[in-house]
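Visitor: return a 3D structure for these sequence lines:
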Amino acid sequence: MAPVAAVLAIVLTAHAPAHAQSEGEGEGRKPLWEVGFVAGGVSQLAYPGADQQVRRAAVLPYVLYRGEFVRADRDTAGLRAIRTDDFELDVSFAGAFGASLDKIEARRGMPDLGTLIEFGPRLRWKLGDGPGGGQWRFDLPLRGVFDISDRAAHRGMTLEPEVFFRRESTTGWTYAMRFGVIVADQRLADTFYEVAPRYATADRPAYEAKAGLVAWRVGTTLSRKLGPDWRVFGFARVDHVGGAANRASPLVRRDTGLTAGIGASYTWLRSDTLVDD
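Guide: I've put the predicted structure just below:
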């Protein structure tokens, strides 16, 4: 799979809530594995604080596997090390499209922002029931960031604590809301916000980036099942850099930016074996 296509799969499937139960499935039980296709488009903020978007669309295959410890689902890859009634420890992932310098005016003449993937351990803490039968959760992922446009070069570390609420309605709609922050180490801050003296211009002075808060983040997802195999979904996320460690960087052009996407998924094959997910 091409790098950009792989990251699109991460972006789309990570934001699509889990499928509702298929006909004949028991309460809270899902197929051990599923194979299908996902199609959609994303308009993504180039980076927190940017004033330009990166847009992509694709049709891709996907595979889900819901083993007790080995996982391959919409936001877990590889291992779920611990699972209790209230806590889980697993490996999570995320991704973001790259942006070439000729398309991002603020970075013209600087190195490209490559296509980034993130993965690392994540702690999940179930906070209890919410309105309408929904569930509250606190997630604490710590991820390494790697540029797959540059031989998987390490670009730094990110910590993204967030509070998450998810609810499935009786009408077939599933929705979720999340609020969190992004914190970056020095290397990742340099990747996004550093302006080395050799790249300084009259409108873009040199700037030394600092580790710390990157952005505040709030997002929502909405999906609906259309029969046993089809599901449509959409998502939107707002990043705000007010009070961020690098708000003064000349590469920060706007305090608030939007990332949004829509898509559909089709389940082609699924296991007859059901598991508690």
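Visitor: right, and Thr221 touches Gly234 too?
Guide: Yes - counting by C-beta atoms under 8 Å, Thr221 does reach Gly234; the two are 7.2 Å apart. C-betas here are computed from N, CA, C, even on glycine.
Visitor: so these two - more neighbours on which side?
Guide: Thr221 (20 against 16; other C-beta atoms under 10 Å).
Visitor: once you drop chain neighbours, what's closest to the more buried one?
Guide: Nearest non-adjacent residue to Thr221, counting by C-beta to C-beta, 6 or more residues apart in numbering: Phe235, 4.3 Å away.
Visitor: show me what the one you found is bridged to.
Guide: Beta-bridge partners for Phe235, by DSSP bridges, are Thr221, Gly261.
Visitor: and if you look at the one 5 residues further on?
Guide: When bridges are called by DSSP bridges, His240 pairs up with Trp216, Thr256.
Visitor: what's the distance between it and Gly234?
Guide: 21 Å (C-beta to C-beta, to the nearest Å).
Visitor: what's the answer for Ala211, then?
Guide: Distance from Ala211 to Gly234, by C-beta to C-beta: 34 Å.
Visitor: now do Ala94
Guide: Counting by C-beta to C-beta - Ala94 and Gly234 are separated by 18 Å.
Visitor: ditto for Ala206
Guide: In terms of C-beta to C-beta, Ala206 sits 41 Å off from Gly234.
Visitor: right, and the residue nearest to Thr221 touches Gly261 too?
Guide: Yes - with contact defined as C-beta under 8 Å, Phe235 counts as touching Gly261 (5.6 Å).
Visitor: report all helices and strands that the helix or strand that contains Phe165 contacts.
Guide: Using DSSP states H and E, Phe165 sits within strand 162-168. Applying 3 or more C-beta pairs under 8 Å, 6 or more residues apart in numbering; DSSP states H and E, one finds that strand 162-168 contacts strand 135-147, strand 173-184.
Visitor: export those to JSON lines and tack on mean pLDDT and mean neighbour count?
Guide: Listed next are the helices and strands packed on strand 162-168 as JSON lines, based on pLDDT from 0 to 100; neighbours: other C-beta atoms under 10 Å:
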{"stretch": "strand 135-147", "mean pLDDT": "94", "mean neighbour count": "18"}
{"stretch": "strand 173-184", "mean pLDDT": "94", "mean neighbour count": "19"}
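Visitor: tell me where the protein has helices.
Guide: Using DSSP state H, the helices found in the chain span residues 3-15, 186-193.
Visitor: lowest average pLDDT across these?
Guide: Taking the mean pLDDT of each of the helices of the chain, the lowest value is held by helix 3-15, a mean of 41.
Visitor: pLDDT weak spots in the stretch 1-150 of the chain?
Guide: 1-28, 67-81, 96-102 (pLDDT under 70).
Visitor: mind jotting down where the strands sit in it?
Guide: 29-31, 33-45, 53-66, 70-72, 76-83, 87-96, 116-129, 135-147 (DSSP state E, counting those that start in this stretch).
Visitor: among these, which is nearest Gly172?
Guide: Relative to Gly172, the nearest member of these by C-beta to C-beta is strand 29-31, separated by 16.4 Å.
Visitor: strands paired with the closest one, and their directions?
Guide: When DSSP bridges is applied, strand 29-31 pairs with strand 274-276 (antiparallel).
Visitor: so for the strand it pairs with, mean pLDDT?
Guide: 79.
Visitor: stretch 260-268 too?
Guide: Stretch 260-268 comes out at a mean pLDDT of 93.
Visitor: if we go by neighbour counts, what in it is buried?
Guide: Ala260, Gly261, Ile262, Gly263, Ala264, Ser265, Thr267 (16 or more other C-beta atoms under 10 Å).
Visitor: kindly reformat these as a markdown table containing distance to Arg198.
Guide: Formatted as a markdown table, the buried residues of stretch 260-268 follow (distance: C-beta to C-beta, whole Å):
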| residue | distance to Arg198 |
| --- | --- |
| Ala260 | 36 |
| Gly261 | 36 |
| Ile262 | 41 |
| Gly263 | 41 |
| Ala264 | 46 |
| Ser265 | 46 |
| Thr267 | 51 |
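Visitor: beta partners for the residue nearest the centre of the chain?
Guide: Centroid-nearest residue in the chain, with C-alpha atoms, centre = their mean: Ala94, separated by 4.3 Å. On the basis of DSSP bridges, Ala94 is bridged to Glu118.
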